[in-house]
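Student: no FASTA, just this:
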């Protein structure tokens, strides 16, 4: 068992949302295949970036990992325990190990609670410490995320977006989790604030030994913080490897198209743009064969018939494309 | 402008509440004492609003009527707030029970309000308490629907997901997170329920299923005065004005509260 090295091991994770029609019968007329059979691992202390465009299933993956959603099938191993199949009371205690940081710092804090109430809630729920101990812990957490302890009595609306995100991070850290799902944690912030929050998260990772799943559509941000990157398209991982290999030598046509869309801050430099046409197909009826074949600039007949598996092309660079792995 | 309307609503309602509280001090006569010699006196310095067919002072009866209407209104608001919030909260959060609870609410709402209240008070017997029960049954669905609607919005907020991710119990999430953030539309709705209750109480008393005579109620004063409306219009006029003022005050208050509590409407026009 590789449980020693990997904190999180996801195997064949599937999430299909049923579409119901009809008033009396509630017939299931189809499924939205949000996440369709993905597997990956996250090593201890590592950051796995998860990128892809809107609706590709990256947020659903994050919510499955912290069990805000029930997976349709598959295993989510955390420290050797399968989060997907443990009884509810065990899940409650396991929740201390996995936390989430949300995208929208305005919707993620209860406007009717003080900062102290928000950060101390995980402690109250798990009956940790006395009131005085919790207050001390809140002050400690506030300091940890770069806020002042006397902010504890204020309400969320008194803070800026960046400060609110720090409060959200403090809440996520309250239970000393091992693994944190960061669901687009900086997408809603100003660019100048993004860097501050990213650096804070890196410092926290180093100091507390945290493991991150960093979900984002911003490739530049992911390049900055991630150790390895997985690219998702229509519920599937199409390419996964360590950061440098992905950004310097992308193999999947979709990854190439994504990377070619990053602007370069040099007007004289020519770059090769791979422009994708058309829209992402509906996840209710994904195309046969490779899911990317409808928009792929280099698709051949085989791509329309057989779905390419995710294959290791050497030194851990996994790609799901017929043209890369014949 | 909106502020001014809100304040006038508050003042109108405040006056009515004060009238109800200090009815004993404000009254000039005994509200139920029959004085045959003073029948059908028009408004004067002795009888501000005139007297009715039993020689009772209309002003005094209207003042005591405020006590009945306002307390019935308050009681109905209290009961519908508790029942409606509980049903709306459960319905919106525990989706398995949603259909069941809401179809019961729909069935109650499908009845014409006054007919249902009339049937209930007729069945329960004429008393102020039974009117409160009947009106609460009638108006609970409105409150429940409003609460459910805002619960459905709030339950998708990320702070609710954060609490779930921590492992908080459903009860805790409902009480700590969802309830406090679903209250704004409820407050507005309750001010309208208050107004409806005042009208409905008057209507039920007018129709004779209210508190039995000679208890002064705005509805029953109007009912007794309607036969003499040509000769002694003051009997019906003044309780009618009292009802109109109370309901107007509550509606202005409700509109004002909606504006104050809805942040989108706070942006301009100030």
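Tutor: Received, thanks. Everything numeric in this text was worked out from a predicted model, so none of it was measured.

Student: residue B:164 - how many residues pack around it?
Tutor: By other C-beta atoms under 10 Å in any protein chain shown, the residues close to residue B:164 number 20. The way it works is simple: take the backbone N, C-alpha and C, and place the C-beta from them, glycine included.

Student: please apply the same query to residue A:144.
Tutor: Counted with other C-beta under 10 Å, residue A:144 comes out at 17.

Student: how about residue A:4?
Tutor: 9.

Student: same question for residue B:61.
Tutor: 29.

Student: and for residue A:250?
Tutor: 21.

Student: would you confirm that it contacts residue A:257?
Tutor: No: in terms of C-beta atoms under 8 Å, residue A:250 does not count as a neighbour of residue A:257; the distance is 9.0 Å.

Student: low-confidence regions, the chain specifically.
Tutor: With no chain named, the answer covers chain A. Applying pLDDT under 70 to chain A flags the ranges A:1-3, A:22-25, A:270-271, A:326.

Student: not quite, go with chain B.
Tutor: Ranges of chain B meeting pLDDT under 70: B:1-2, B:262-270.

Student: which stretches of it form helices?
Tutor: B:2-21, B:23-26, B:58-93, B:95-110, B:113-124, B:128-154, B:158-166, B:170-172, B:179-181, B:183-207, B:218-225, B:234-261 (DSSP state H).

Student: now the fourth one against helix B:113-124, angle please.
Tutor: Right, the one you point to is helix B:95-110. Angle of helix B:95-110 versus helix B:113-124, following axes from the mean of the first three to the mean of the last three C-alpha atoms, to 10 degrees, is 90 degrees.

Student: so how far is helix B:95-110 from its chain's centroid?
Tutor: Chain-centre distance of helix B:95-110: 23 Å, with C-alpha atoms, centre = their mean, to the nearest Å.

Student: got the buried residues for that helix?
Tutor: Counting neighbours by 16 or more other C-beta atoms under 10 Å in any protein chain shown, one finds that the buried residues in helix B:95-110 are B:101-102, B:105, B:108-109.

Student: just the residues you listed now: which is nearest chain A?
Tutor: Nearest to chain A, judged by C-beta to the nearest C-beta, of the buried residues of helix B:95-110 is residue B:102 at 13.3 Å.

Student: what ranges do the strands span in the stretch 151-300 of chain A?
Tutor: Listed in chain order, the strands of the stretch 151-300 of chain A (DSSP state E, counting those that start in this stretch) span A:179-183, A:211-216, A:228-233, A:236-242.

Student: write out the residues of chain B neighbouring chain A.
Tutor: Neighbours of chain A within chain B, by C-beta under 8 Å from any C-beta of the partner chain: B:157-159, B:161-169, B:172, B:176-177, B:180-181.

Student: can you rerun that using 7 Å?
Tutor: B:157-159, B:161-168, B:172, B:177, B:180-181 (C-beta under 7 Å from any C-beta of the partner chain).

Student: and those residues, which of them are buried?
Tutor: Counted by 16+ other C-beta under 10 Å, the residues of chain B next to chain A give B:157-159, B:161-168, B:177, B:181 as buried.

Student: distance between the ends of stretch A:102-119?
Tutor: This stretch, stretch A:102-119, spans 14 Å end to end (C-alpha to C-alpha, to the nearest Å).

Student: related to what we said a few turns ago, out of the helices of chain B, nearest to residue A:158?
Tutor: helix B:158-166 (16.2 Å; C-beta to C-beta).

Student: now the angle from that closest one to helix B:58-93?
Tutor: Using the same axes, to 10 degrees: helix B:158-166 against helix B:58-93 is 50 degrees.

Student: how close does residue B:141 get to chain A?
Tutor: 20 Å (C-beta to the nearest C-beta, to the nearest Å).

Student: and the nearest residue to residue A:294 once chain neighbours are set aside, how many neighbours does it have?
Tutor: Spatial nearest neighbour of residue A:294, excluding adjacent residues (C-beta to C-beta, 6 or more residues apart in numbering or on different chains): residue A:287 at 5.2 Å. Neighbour count for residue A:287, taken as other C-beta under 10 Å: 16.

Student: what parts of the stretch 1-150 of chain A come near chain B?
Tutor: A:66, A:68, A:92, A:95, A:99-100, A:102, A:104, A:107-112, A:121-122, A:125-126.
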